[in-house]
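>>> fold the following for me, if possible:
(6 chains)
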There are 6 protein chains.
Amino acid sequence: MRVQKAPIAVKVNGYTCKDTTQVTPQDFYFQGLATAGAASNTSTGAIVIGATVEKLPGLNTLGLSMSRIDYAPNGLNPPHVHPRASEIIYVLEGQLYYVGFVTTAGKLVAKHINKGEVFVLPKGLLHFQKNVAKSAPASVIAAFDSQLPGTQSLVCSLFGALPEDILVKSFRFKPKQVKKIKSKYQPKK
Amino acid sequence: MRVQKAPIAVKVNGYTCKDTTQVTPQDFYFQGLATAGAASNTSTGAIVIGATVEKLPGLNTLGLSMSRIDYAPNGLNPPHVHPRASEIIYVLEGQLYYVGFVTTAGKLVAKHINKGEVFVLPKGLLHFQKNVAKSAPASVIAAFDSQLPGTQSLVCSLFGALPEDILVKSFRFKPKQVKKIKSKYQPKK
Amino acid sequence: MRVQKAPIAVKVNGYTCKDTTQVTPQDFYFQGLATAGAASNTSTGAIVIGATVEKLPGLNTLGLSMSRIDYAPNGLNPPHVHPRASEIIYVLEGQLYYVGFVTTAGKLVAKHINKGEVFVLPKGLLHFQKNVAKSAPASVIAAFDSQLPGTQSLVCSLFGALPEDILVKSFRFKPKQVKKIKSKYQPKK
Amino acid sequence: MRVQKAPIAVKVNGYTCKDTTQVTPQDFYFQGLATAGAASNTSTGAIVIGATVEKLPGLNTLGLSMSRIDYAPNGLNPPHVHPRASEIIYVLEGQLYYVGFVTTAGKLVAKHINKGEVFVLPKGLLHFQKNVAKSAPASVIAAFDSQLPGTQSLVCSLFGALPEDILVKSFRFKPKQVKKIKSKYQPKK
Amino acid sequence: MRVQKAPIAVKVNGYTCKDTTQVTPQDFYFQGLATAGAASNTSTGAIVIGATVEKLPGLNTLGLSMSRIDYAPNGLNPPHVHPRASEIIYVLEGQLYYVGFVTTAGKLVAKHINKGEVFVLPKGLLHFQKNVAKSAPASVIAAFDSQLPGTQSLVCSLFGALPEDILVKSFRFKPKQVKKIKSKYQPKK
Amino acid sequence: MRVQKAPIAVKVNGYTCKDTTQVTPQDFYFQGLATAGAASNTSTGAIVIGATVEKLPGLNTLGLSMSRIDYAPNGLNPPHVHPRASEIIYVLEGQLYYVGFVTTAGKLVAKHINKGEVFVLPKGLLHFQKNVAKSAPASVIAAFDSQLPGTQSLVCSLFGALPEDILVKSFRFKPKQVKKIKSKYQPKK
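The predicted model follows:
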């Protein structure tokens, strides 16, 4: 938040930068992580609510954001990558097994973690979390070193976005198998 | 965590950098935020437990860390500054009033925040939090965009570290007042 | 390359930093990209040779590296992510279709590109390239904004490293299918 | 200063970025540090004149700025923090005692320094300077690694901006004392 | 490329930042390096074609760019500096001798390099390349760790831009010599 | 200055990083800029004394340094480049004409500046300063946004380090002229 005398909105990083004397507590505050998301309505039983610069304008230029992830019983936050940030997660409720990431050497680094424990997921690496409990929900708070970390879901990216021939060759699936898998995903246009 | 073939410990940022094939889940895991700190044993009723690179070696080079703050009833995390990081706090339990920071224009930007809500505290600015409740504890999770954000307590820094004549002149206190205030603080040597 | 008077090796970023007066042209030179890699010996018909700080010590602290990719006829550099860098590729020989990446919005951004043309692959996003030609090889030069960009192969990471239950739930495959797919991959330990 | 073909003003970091062919020496020049500020008119006998991007447009994107500080006899630049920069000071005239900062470990690192000597004040740490001389003025040039370092006066921030109950609890003052101290400061609205 | 909901063009770093859903392959693609530049029409027999953010909008915020340099027989890319980037060159065709840079210690670090070999030119240092062959052309691909590295030709900067008295004194030339040299260069206004 | 428990010296950026509790004021202090350098003993009548991390260990990781430049009457700080930093100069004594830099568009941006005035010299661009006065000395303080900005003297780099054929072709001098010019410079080995 720089001192700006201009009467019109000055943009920094594409986001409005208010005059220091105009900032209000609302610019630095977000209520949206207080309530659990409806994890059981999702296909794998996990839902993410972000508190990034898009919702928290005071984060602009600060290199930081948060999100809350809720897991239905047995729910999985499926394999994904944040292209612009590392992540730390803190377990609010429940138990996760696995919390894990895969190194560039192809090794799984994963653990069972309980309420109040934290785990680090380094920048740009494939990771996921799963709720251990068969009947209880779980939830975590995740922090990122970017005001807009971005998320690439690998399941959708691979089977929703990649062409059939690439999938066949990459995964050594049969074309018929790939067609069947792809039929479950709506490609984005 | 870079691939390193060297048999001896390679240091990056002063911290050991393990070979990718040697990392274990323990390097990315920390249990120390799971239990509330003994806030009521402190002078202002608040205690901070850090999960920085000093305790979580997997954070090295990642630009991220966390801490847990516990507040006794009425407890205050007194005014301080993090020289190397911005902060987001998420309320685990209880209600805080105020969560606030002071801008470089000398304006207090503060709010009452409840369980599950977040507030942003920009890099290098004076800030503090206080538990509203007279009989219930409170706790928060704080995230930082540095692996070692540093904390400068302003109360101790001012009255523990600054010489008497500087305090007299800065705050327009009487020398006798300053002597009395300083007598409460042990200077660091 | 900082001026260093110390008689022992001074390390910066974990790599040795030579005294300016000791550097030789060899520190800034690499021959390894001159010859095509044996792409046809690989499972998908593509091979990558890196010119990173591990082989080119003069790159230390410079935020830059290169690699050469060779493609057998029909060869595919399968879907992968570079956790620490964006990439530009320049086609040395042949034609690629597709050169593509998937956005965080799940959209494929891909093109047919010819000899001498370039394509940009933004940091941390899933991407791949395939040789169009059924009988001719192809090759590219890729540049990165990191001295050690890292590569995460998604095929190996997913099916070599992830546990069966995670794969079953993520991809909605049958356990028997997953077992069969995983049998093709050696997990790293 | 990037090459920009656009006829309208292009902003970078919220500041106008001129076409390379349009820049003039005036964009990189500032006269305002040549004359001593009226230090004796201030409450503690010190005044700061900044040469930041707000006055020196050529600094935009360069990560650098300067200021001049003048001290009346016995004058004090009271304890403050620059949230976005470290500082080096060079004594133009006179002698300062103390030039000092407080570490995050609460230790005062301070010295007597003379004309022509320099002292480093690390980013985000509490610091101050005082003119030794009882009858002669002093002045320094300070350089910063930010085009807009920001300054947070701790005296005003604490006693002008913080609520009474926070001050009482932080400093273990009596409420009456705090009311009296606060009456000297105009809070910013 | 950030997600942007605004209907008007949002600028980041002075360049338009498209909504993720609006990006097309054209934004990440450039054809201009496919054809050799007309090196023999230039005064020293070398020509540079850039693929920077000015021509490749998808590079915005990515910290990366490329260029192609073509050399006539005996052609020289004369001494220059890139103020904002290091460089790696890869020889597409021919042989260069020298590829070299001068260290801050005034030492030439140079080599003969052949087709397919690479050489690193650290940020902000004077460098140049010359085609060995008396009758064959040469060409290279150069990569940079900036989306707009900038180029300062030292020949033009020195003899086209510097005043006569500065040249006389710097190079200990005679004023008449300098006048004669300068007459070959058109100063920029 | 990070907290380090290790009994041996921990290096960050190749320089020792002391334990916070071990730092002394001497680490942040430098006397060497207090006395004018012997400018009249140099070939062009100007001399630079640096206060970089090599002499001021407290600068390590801070991205900042200073230097003092003294000019004999008519003295010239000849054309040079700082590969890793921008610069602001403040005139301590005397008058400079020119203080100037050359843009990447080949345009001279220069001014006459007096005692107490400042001028900005952007990163990686060719610049120089000359003392106007025929009988009085001049001096400046320069600040840099790097702890070790580096300096490349263009005169020495060009005529001391570059091979004859490169100079002949670059500057369109005659070989005999170049031989004569080069004879004045000792190449570094």
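>>> okay, now the domains of chain A?
Domain ranges of chain A: A:25-150, A:153-189, per automatic domain parsing.
>>> which of those sits closest to residue B:92?
domain A:25-150 (7.3 Å; Cβ to Cβ). From N, CA and C alone the C-beta is placed, and that goes for glycine too.
>>> measure the closest one end to end?
The first and final residues of domain A:25-150 sit 26 Å from each other (Cα to Cα, to the nearest Å).
>>> is that domain in proximity to chain D?
No. Applying Cβ under 8 Å from any Cβ of the partner chain, one finds domain A:25-150 separated from chain D by no less than 8.9 Å.
>>> distance from that domain to the middle of the chain?
Remark: domain A:25-150 is offset 6 Å from the chain centroid, using Cα atoms, centre = their mean, to the nearest Å.
>>> just confirm residue A:101 is within a strand.
Yes. Under DSSP: H, G, I helix; E, B strand; the rest coil, residue A:101 sits within a strand.
>>> just the C-alphas of the host helix or strand of residue A:69, formatted as CSV.
Assigned by DSSP states H and E, residue A:69 belongs to strand A:65-71. Provided in CSV are the C-alpha atoms of strand A:65-71 (Å, rounded to 0.1, in the frame of the first residue of the first chain):
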residue,chain,number,x,y,z
SER,A,65,-2.2,-15.8,1.1
MET,A,66,-4.2,-18.5,2.9
SER,A,67,-6.9,-21.0,2.1
ARG,A,68,-9.1,-23.4,4.0
ILE,A,69,-9.6,-27.0,2.9
ASP,A,70,-12.5,-29.1,4.1
TYR,A,71,-12.6,-32.9,3.7
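>>> and that strand, anywhere near chain C?
No. On the criterion Cβ under 8 Å from any Cβ, strand A:65-71 is out of touch with chain C, staying 11.7 Å away.
>>> if you average pLDDT over that strand, what comes out?
Average pLDDT, strand A:65-71: 98.
>>> stretch A:11-18 now?
The pLDDT scores in stretch A:11-18 average 84.
>>> distance of the closest residue to residue A:153 other than its chain neighbours from chain F?
Leaving aside its chain neighbours, residue A:153 sits nearest to residue A:80 (4.9 Å; criterion: Cβ to Cβ, 6 or more residues apart in numbering or on different chains). Residue A:80 is 33 Å from chain F, where distance means Cβ to the nearest Cβ, to the nearest Å.
>>> tell me the bridge partners for residue A:80.
Per DSSP bridges, the residues bridged to residue A:80 are residue A:127, residue A:153.
>>> what about it, neighbour count?
Residues lying near residue A:80 (other Cβ atoms under 10 Å in any protein chain shown) number 19.
>>> which residues touch it?
For residue A:80, the contacting residues are A:126, A:127, A:128, A:151, A:152, A:153, A:154, by Cβ atoms under 8 Å, 6 or more residues apart in numbering or on different chains.
>>> per-residue pLDDT of the residue nearest to residue A:147 when sequence neighbours are not counted, please?
Once flanking residues are discounted, residue A:147 sits nearest to residue A:53: 4.0 Å by Cβ to Cβ, 6+ apart. Residue A:53 carries a pLDDT value of 96.
>>> now the phi/psi pair for residue A:53, please.
Main-chain dihedrals, residue A:53, degrees, to the nearest 10: phi -60, psi -20.
>>> next, the contact list for it, please.
Going by Cβ under 8 Å, 6+ apart, the list of residues near residue A:53 reads A:13, A:15, A:59, A:60, A:65, A:147, A:148.
>>> what about it, distance to residue A:144?
11 Å (Cβ to Cβ, to the nearest Å).
>>> intersection of neighbour lists for the two?
Both residue A:53 and residue A:144 are contacted by residue A:65, under the criterion Cβ under 8 Å, 6+ apart.
>>> hmm, the strand holding residue A:69 in reach of chain B?
Yes. Shown here: strand A:65-71 in contact with chain B (Cβ under 8 Å from any Cβ) through A:65, A:66.
>>> quick check: residues of chain A near chain E?
Going by Cβ under 8 Å from any Cβ, the residues of chain A near chain E are A:11, A:13, A:14, A:54, A:148, A:188.
>>> still on that earlier bit, can you say which of the domains of chain A is nearest to residue B:116?
domain A:25-150 (2.8 Å).
>>> how about the contacts made by the residue nearest the centre of chain A?
The geometric centre of chain A, computed from its C-alpha atoms, lies nearest to residue A:151 (Cα atoms, centre = their mean), at 5.2 Å. Contacts for residue A:151 (Cβ under 8 Å, 6+ apart) come out as A:48, A:80, A:81, A:82, C:104.
>>> out of those residues, what pair is the most spread apart?
A:48 and A:81 (13.6 Å).
>>> looking at the two, which is more packed in?
The neighbour comparison of residue A:48 against residue A:81 (other Cβ under 10 Å) goes to residue A:81, with 27 against 16.
>>> if I look at the more buried one, how far off is chain F?
From residue A:81 across to chain F, the span is 30 Å (Cβ to the nearest Cβ).
>>> is it true that that residue touches residue A:155?
No. Residue A:81 is beyond contact range of residue A:155, at 11.6 Å (criterion: Cβ atoms under 8 Å).
>>> need the overlap of contacts for these two.
Counting by Cβ under 8 Å, 6+ apart, nothing touches both residue A:81 and residue A:155.
>>> could you tell me how many residues sit around residue A:24?
So residue A:24, with other Cβ under 10 Å, has 12 neighbours.
>>> which residues touch the nearest residue to it once chain neighbours are set aside?
Among residues not flanking residue A:24 along the chain, residue B:109 sits closest, at 7.2 Å (Cβ to Cβ, 6+ apart). Counting by Cβ under 8 Å, 6+ apart, residue B:109 touches A:23, A:24, A:25, A:28, B:100, B:101, B:102, B:103.
>>> tell me the mean pLDDT for stretch A:169-183?
For stretch A:169-183, mean pLDDT is 90.
>>> name the nearest residue to residue A:45, ignoring sequence neighbours.
Excluding the flanking residues, the one nearest residue A:45 by Cβ to Cβ, 6+ apart is residue A:75, at 2.8 Å.
>>> in this structure the one you found contacts residue A:133, no?
No. Using Cβ under 8 Å, residue A:75 is not in contact with residue A:133, being 9.3 Å away.
>>> compare the two (neighbour count), which wins?
residue A:75 (25 against 17).
>>> residue contacts, the more buried one?
Taking Cβ under 8 Å, 6+ apart as the test, what residue A:75 contacts is A:39, A:40, A:42, A:44, A:45, A:46, A:130, A:131, A:137, A:138.
>>> also residue A:174?
By Cβ under 8 Å, 6+ apart, residue A:174 lies in contact with residue A:168.
>>> do you know how far it is from chain E?
Distance, residue A:174 to chain E, using Cβ to the nearest Cβ: 29 Å.
>>> likewise for residue A:65?
13 Å.
>>> cool, and residue A:173?
Counting by Cβ to the nearest Cβ - residue A:173 and chain E are separated by 26 Å.
>>> just residue A:93 next, same as before
Distance from residue A:93 to chain E, by Cβ to the nearest Cβ: 30 Å.
>>> same question, residue A:41
To chain E, residue A:41 is 23 Å away according to Cβ to the nearest Cβ.
>>> partners of the closest residue in space to that residue that isn't next to it in sequence in the sheet?
Of all residues not flanking residue A:41 in the chain, residue A:47 sits nearest, at 7.6 Å (Cβ to Cβ, 6+ apart). As for beta bridges, residue A:47 partners with residue A:70 under DSSP bridges.
>>> so who does residue A:47 touch?
By Cβ under 8 Å, 6+ apart, the neighbours of residue A:47 are A:37, A:38, A:39, A:41, A:69, A:70.
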